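Student: here are the coordinates; sequence isn't available:
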């Protein structure tokens, strides 16, 4: 099983980053503008459309307020197994460390997944540091 991890320092507060991350239905508006172009809720799942046109169904696994961690699974393909999580951590200088982890099968999808996660992490940093997050 492939393990993929990205992280970035974001010039925003952990509270602001967590508020955007935990907003399950607004991924394309509050967290990953440009990387995700549409998010549609379908019950507890969300249907996510990415900028390259790919579409996945994500199922919420856990939302942990105390640790500011969200986890989900992509169901119905293209993975045999997918578990993703994102978490925000407070840095001593007031910034936020944003960590995104995915475990995926088959291993053959690891390189493409890692490349997408790098693009997504950059979009998350830009979005959270910009003025496009609701609540500013």
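Tutor: Nice, I can see it. In this text the structure is predicted, and so the values were computed from the model without any measurement. Residues are numbered from 1 along each chain as shown.
Student: Tell me which residues of the longest helix belonging to the chain come out buried.
Tutor: Using DSSP state H, we find that the single longest helix of the chain is helix 110-129. For helix 110-129, a neighbour-count test (16 or more other CB atoms under 10 Å) marks 110, 113-114, 116-117, 119-121, 123-125, 127-128 as buried. In short, each C-beta sits where N, CA and C put it, glycine included.
Student: so where do the helices sit in the chain?
Tutor: 14-21, 110-129.
Student: Mind putting those helices into CSV with mean pLDDT?
Tutor: Converted to CSV, the helices of the chain look like this (pLDDT from 0 to 100):
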stretch, mean pLDDT
helix 14-21, 98
helix 110-129, 97
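Student: if we can go back for a sec, nearest to residue 43, of the buried residues of helix 110-129?
Tutor: Proximity of the buried residues of helix 110-129 to residue 43 (CB to CB) peaks at residue 120, which lies at 23.8 Å.
Student: May I see the helices of the chain arranged in TSV, with distance to residue 52 as well?
Tutor: Listed next are the helices of the chain as TSV, based on distance: least, CB to CB, whole Å:
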stretch	distance to residue 52
helix 14-21	22
helix 110-129	8
